[in-house]
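J.: Just to be clear, the model below is a prediction. Sequence and coordinates:
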Amino acid sequence: MKEIRLTAAAAALLPFFAWFAVPAAGAQNRIPVEFSGLLNDYSPSTVTGGPWEMHGQWKLSIDPWSGKADFLADMTMSGYGKTADNTPDPTQPGQKPHTHHIHMTGDVTWNSTGCPTYSPATFGGFQVNGTVSLLTGNGSNATFETTPPSSTLQVCITGGESTDSIPFSNITMFWGNNSPAISHFGPQAIHGVIRDWNQQWATLWQFSQRSEEKR
Ligand SMILES: [Cu+2]
């Protein structure tokens with residue numbers, strides 16, 4: 001069965017390894033796989049104070065020994081004043097500016113099953129799922145969050161395939177069912193972009209195989 005499972009792992013990563021130059025997978029390097037980028041999106045108008053503009057930057061690091069992933073995001077948010085009929089007033093931007101800092105250590109799953117979809121579609125990728133250990137509002141534990149924090153977060157990274165493409169381009173943050181954070185950010189995916197990753201193909205390949213072997 002091991003061979004079949006490894007084949008499944010290879011299939012999950014095929015969009016990357018089929019199209020991009022990959023060093024030999026046998027190299028025992030232990031360098032963390034690191035991704036970073038930006039978040040830019042809007043909350044729905046249905047949350048208190050919404051719609052909010054959301055901007056941020058994030059970093060994702062996969063530990064070479066445990067295979068666990070650390071996700072860190074820092075965000076700024078601000079809203080709009082409302083018109084007489086209670087719609088966002090573009091002449092009153094920048095209302096209630098505030099910040100959030102988010103930290104989640106989670107498990108990596110080497111596929112994007114259950115991740116938010118795009119049009120045009122993205123391909124391949126992986127996801128990290130876990131409970132946040134930090135979710136602040138202006139530095140303190142967020143008023144909508146429990147003590148200690150209990151919101152769960154799915155982070156998905158996907159990208160392109162075929163020639164003239166990049167393997168990792170898009171990121172989503174998606175709060176799990178019943179997470180306190182939904183009351184502020186909304187239940188939809190928060191979208192962002194990948195600016196950089198450290199090209200640790202061999203380590204990425206080892207992680208994906210090791211996760212399959214553990215099953
Ligand atoms: Cu906020």
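T.: Perfect, I can see it now. Numbers count the residues shown, from 1 in each chain.
J.: So for stretch 38-49, mean pLDDT?
T.: This predicted structure assigns stretch 38-49 an average pLDDT of 95.
J.: And stretch 130-148, by the same measure?
T.: Averaging pLDDT along stretch 130-148 yields 98.
J.: Give me the distance between the two termini of it.
T.: For stretch 130-148, the first-to-last residue distance is 14 Å (C-alpha to C-alpha, to the nearest Å).
J.: residue farthest from the centroid of the chain?
T.: With distances taken as C-alpha atoms, centre = their mean, the residue sitting farthest from the centre of the chain turns out to be Ala84, at 37.2 Å.
J.: Relative to Met173, how far out is Met75?
T.: Taking C-beta to C-beta, to the nearest Å as the criterion, Met75 is separated from Met173 by 10 Å. For glycine as for every other residue, the C-beta is placed from the backbone atoms N, C-alpha and C.
J.: tell me, what's touching those two both at once?
T.: With contacts defined as C-beta atoms under 8 Å, 6 or more residues apart in numbering, the residues shared by Met75 and Met173 are Leu39.
J.: Tell me where this structure has strands.
T.: 33-42, 53-62, 69-79, 95-109, 123-137, 140-141, 152-159, 170-175, 190-197 (DSSP state E).
J.: Next up, the contacts around the closest residue to Asn40 other than its chain neighbours.
T.: Spatially, and ignoring its direct neighbours in sequence, Asn40 is nearest to His55 (5.4 Å; C-beta to C-beta, 6 or more residues apart in numbering). Remark: with contacts taken as C-beta under 8 Å, 6+ apart, His55 is in contact with Leu38, Leu39, Asn40, Met75, Thr76, Met77.
J.: how about the last one, what does it touch?
T.: The neighbours of Met77, taking C-beta under 8 Å, 6+ apart as the test, are Ser43, Trp52, Glu53, Met54, His55, Pro97, His98, Thr99, His100.
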